[in-house]
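In: Give me a model of this one.
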Amino acid sequence: MARVAREMVEKAGINVDQLVELLVKNAAAELTTYYYYTILRCNLIGLDGETIKEIAEVARIEDRNHFEAIVPRIYELGGKLPEDMKVFHDISACRPARLPEDPTNVKEILKVLVEAERCAVRGYTHICNMTAGKDHRTYDLSLAILNEEIEHESWFSEFLGEGPSGHFMRKGETSPFVSKFLK
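Out: As a prediction, this is how the structure comes out:
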């Protein structure tokens, strides 16, 4: 544990145990989303599905990266991950992004994808609001993840016809905001 880091966050007025709990729940959401997105991506077939598959893959890989980036901060603040994967799954901040009843319905898969991203946007916005001006490292990390989650939501919502977002699919680069935390 980074003792001084935790001490400074506490002195800034943040309930560190509550923050660690939120980080662990969001880490669980990232790892479970990575798993469920693997299944969703495998079921994106046919003309409509193949159009979305690459974007789902980018979001899937970036969610794994988000998990990898969050874990060190949890331990720096004196937290830890649950030892039981089932427990970890069940404390996820977001509902499982499970395959819809009709796995051939691309629109229903898109709805699952966009709702998972919206949950992530809510979660990281909450952490950013909690840590702004008080815990610079957690804020910077959460803001980086938030930027990527907003892009993911935008990509999927456009496919649902919810309107233009102004975001474009990135070429050749994953986790442009979070990559600095993965080094």
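
In: so where does Met8 fall, helix or strand?
Out: Per DSSP states H and E, Met8 falls inside helix 3-11.

In: got any ranges where this protein has weak pLDDT?
Out: For the chain, the stretches flagged by pLDDT under 70 are 1, 170.

In: can you give me the helices for it?
Out: 3-11, 16-42, 46-76, 85-90, 106-131, 136-159 (DSSP state H).

In: mind checking which of these is nearest Arg98?
Out: For these, proximity to Arg98 was assessed by C-beta to C-beta; helix 16-42 is nearest, at 6.1 Å. In short, each C-beta sits where N, CA and C put it, glycine included.

In: for the closest one, which positions count as buried?
Out: Neighbour-count burial for helix 16-42, counted by 16 or more other C-beta atoms under 10 Å, picks out 16, 19-20, 22-37, 40-41.

In: quick one on the thing from earlier: and the helix holding Met8, what does it pack onto?
Out: Judged by 3 or more C-beta pairs under 8 Å, 6 or more residues apart in numbering; DSSP states H and E, helix 3-11 is in contact with helix 16-42.

In: I'd say Ile109 and Asn43 touch.
Out: Yes: look at Ile109 against Asn43 with C-beta atoms under 8 Å: they come within range, at 6.5 Å.

In: Check the contact lists of the two and give me the overlap.
Out: Common contacts of Ile109 and Asn43 (C-beta atoms under 8 Å, 6 or more residues apart in numbering): Gly49, Leu99, Pro103.

In: How about the helix holding Met8, which residues are buried there?
Out: Ala5, Arg6, Val9, Glu10.

In: Number of residues surrounding Met169?
Out: 9 (other C-beta atoms under 10 Å).

In: Export the helices of the chain as a markdown table, with columns for distance to His167.
Out: Output for the helices of the chain, formatted as a markdown table (distance: least, C-beta to C-beta, whole Å):
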| stretch | distance to His167 |
| --- | --- |
| helix 3-11 | 32 |
| helix 16-42 | 18 |
| helix 46-76 | 11 |
| helix 85-90 | 30 |
| helix 106-131 | 12 |
| helix 136-159 | 4 |
